[in-house]
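*Asks:* Sequence first, predicted model second:
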Amino acid sequence: MKILSVLVLLSLASISSATPRNWKSATVAEITSSDEEISMPRTTMVKRPGCQGGIGCYESVPAQSIIILTSTILIRFETPYISYIVRQIIRNNGHPLNVTLNGQAQISVDGKDLHILNDEGKDVKLPIVRKIAKMER
């Protein structure tokens, strides 16, 4: 019973310490993507011929590299005063951010990251690549 009460107190403390986000409305102005391959070198350990065993009997030999397919997606969000460009890197069977081009989204700046409420209402955190201030005319 004591363990349960401690767990409940800890969960309530973590909820109360979370700061509420300052959500702003933004327009999804542009989505661009590029496909790339990342080559990861590999090595294998091979026993030297004629060696009886021990620490110095194995050596690292290069093996065939692993190719990882990635997609880099840049998304630009427009607010009345600042444009934010964020980056999402997707590997293998990953899913891109679920937002509608020229649609509205809710965003919140958190240091070097941008929190986005996607079309399903899920909070997604992506790094800010560039911030562009709009000049007043």
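*Replies:* On my side now, so go ahead. The structure displayed is predicted, hence computed values, not measured ones.
*Asks:* Would you mind finding the longest strand in this structure?
*Replies:* strand 24-47 (DSSP state E).
*Asks:* Mind checking the pLDDT average for stretch 81-89?
*Replies:* Across stretch 81-89, the average pLDDT comes to 96.
*Asks:* Pull out the C-alpha coordinates of it and format them as PDB.
*Replies:* Taking Å, rounded to 0.1, in the frame of the first residue of the first chain, the C-alpha atoms of stretch 81-89 are listed here in PDB:
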ATOM      1  CA  TYR A  81       6.200  37.800 -36.900                       C
ATOM      2  CA  ILE A  82       8.500  34.800 -37.400                       C
ATOM      3  CA  SER A  83       8.900  31.900 -39.800                       C
ATOM      4  CA  TYR A  84      10.300  28.600 -38.300                       C
ATOM      5  CA  ILE A  85      11.900  25.900 -40.400                       C
ATOM      6  CA  VAL A  86      12.100  22.500 -38.700                       C
ATOM      7  CA  ARG A  87      13.800  19.300 -39.800                       C
ATOM      8  CA  GLN A  88      12.600  15.700 -39.500                       C
ATOM      9  CA  ILE A  89      14.800  12.800 -40.400                       C
END
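*Asks:* Buried ones in that stretch, by neighbour count?
*Replies:* Neighbour counts over stretch 81-89 (16 or more other CB atoms under 10 Å) mark Ser83, Tyr84, Ile85, Val86, Gln88 as buried. Yep, even glycine has a C-beta here, placed from its N, CA and C like the rest.
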